[in-house]
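A.B. asks: Structure, please.
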Amino acid sequence: MNRYTKVIGLRGHYFLKEFDKSKKNKLQIRKVADFTVRKFFLEGKCDVLIYFEETEKEVLVTPDSSPELIKQYLGEDFL
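C.D. replies: The predicted model follows:
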């Protein structure tokens, strides 16, 4: 299952995805559009890790999480 990270900071939020480059033994991180994450989340193919920059708090949201938790951290579009 894919894992996306939603980083929430003072200037807003953005989504990240980690890619494992096995040829070069590197971990590459790229920004991903909101609609891409929404598509896979609604299909049940990904988890979203919510990361708060100021407090360094982490919350894991899965498609099986409660609707209140999904609405609070991801918004109504992810329901």
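
A.B. asks: from here on, contacts and neighbour counts on C-alpha atoms
C.D. replies: OK.

A.B. asks: Same question for the helix or strand harbouring residue 4: list its buried residues.
C.D. replies: Using DSSP states H and E, residue 4 sits within strand 2-9. Under the neighbour-count criterion of 16 or more other CA atoms under 10 Å, strand 2-9 has 3-8 buried.

A.B. asks: for stretch 11-23, same thing?
C.D. replies: 15-17.

A.B. asks: you'd agree residue 20 is up against residue 27?
C.D. replies: Yes - Residue 20 is within contact range of residue 27, at 4.8 Å (criterion: CA atoms under 8 Å).

A.B. asks: The protein: helices as residue ranges?
C.D. replies: Remark: helices assigned in the chain by DSSP state H are 34-43, 67-73.

A.B. asks: got the contact list for the last one?
C.D. replies: Residues external to helix 67-73 that are found in contact with it (CA atoms under 8 Å, 6 or more residues apart in numbering): 50, 61, 76, 78-79.

A.B. asks: re earlier: pull the most distant pair out of the buried residues of strand 2-9.
C.D. replies: Maximum pairwise distance among these (CA to CA): 16.1 Å, between 3 and 8.

A.B. asks: Return the alpha-carbon coordinates of stretch 25-42 using CSV.
C.D. replies: What follows is stretch 25-42, C-alpha atoms only, in CSV (Å, rounded to 0.1, in the frame of the first residue of the first chain):
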residue,chain,number,x,y,z
ASN,A,25,20.1,3.0,-3.3
LYS,A,26,18.5,6.4,-2.8
LEU,A,27,15.3,7.6,-1.3
GLN,A,28,13.8,10.3,-3.5
ILE,A,29,11.0,12.6,-2.2
ARG,A,30,8.6,14.5,-4.6
LYS,A,31,5.6,16.7,-4.1
VAL,A,32,2.3,15.3,-5.3
ALA,A,33,-0.9,17.0,-6.3
ASP,A,34,-3.9,16.9,-4.0
PHE,A,35,-6.2,15.2,-6.5
THR,A,36,-3.7,12.4,-7.0
VAL,A,37,-3.7,11.6,-3.3
ARG,A,38,-7.5,11.9,-3.2
LYS,A,39,-7.9,9.5,-6.1
PHE,A,40,-5.9,6.7,-4.5
PHE,A,41,-7.3,7.3,-1.0
LEU,A,42,-10.9,7.0,-2.2
